[in-house]
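In: 3D, please:
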Amino acid sequence: MHNSNLPELVIRNNPGQLRIETYVEEMLSKIEYQIADGRIYYYHTEVPPELEGRGIASEMAKFALEYARDQGLGVVPLCPFVEAYIRRHPEYKPLVV
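Out: Okay, the predicted model is just below:
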């Protein structure tokens, strides 16, 4: 589901702030995390209300899970949104510890 009015998202990992982030219309959207013992804990997803419903959180969740896979980290989805994204995309289930 790609929304045509959503510009190409530039999503990045910001390890200094412990978050996956993107800016749309100069507003920050983010997934916050902690890393410990070979696991990455995704515990909070936040998209400004003005930007909701545009698929931003889903794109960030995909980026976050690909990041975990690339880094060889087990995923602990404490955030309900990330957990729901994994349910909808079972190819990420093997990452969950």
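In: what ranges does the protein have for its strands?
Out: 11-14, 19-24, 27-36, 39-46, 74-77 (DSSP state E).
In: now the angle between strand 27-36 and the fourth one, please.
Out: Regarding strand 39-46 and strand 27-36, their directions subtend 160 degrees when assessed with axes from the mean of the first three to the mean of the last three Cα atoms, to 10 degrees.
In: of all the strands of the chain, which lies closest to R87?
Out: strand 74-77 (9.4 Å; Cβ to Cβ). (Each C-beta comes from the backbone N, C-alpha and C, glycine too.)
In: ok, back up a step: okay, the strands of the chain, which one's buried deepest?
Out: strand 74-77 (a mean of 20; mean count of other Cβ atoms under 10 Å).
In: show me what contacts the most centrally placed residue in the chain?
Out: Residue closest to the mean C-alpha point of the chain, counted by Cα atoms, centre = their mean, is A61 at 2.7 Å. A61 sits next to 31, 42, 45, 81-82, 85 when contact means Cβ atoms under 8 Å, 6 or more residues apart in numbering.
In: got a pLDDT number for it?
Out: Among the per-residue scores, A61 shows a pLDDT of 98.
In: now do it against Q17, distance only.
Out: 18 Å (Cβ to Cβ, to the nearest Å).
In: how many residues are close by the closest residue to I40 other than its chain neighbours?
Out: Leaving aside its sequence neighbours, I40 sits nearest to L73 (Cβ to Cβ, 6 or more residues apart in numbering; 4.3 Å). Other residues lying near L73 total 19 when counted by other Cβ atoms under 10 Å.
In: ok, L73 to Y67 distance?
Out: 8 Å.
In: hey, what's in contact with both of the two?
Out: I40.
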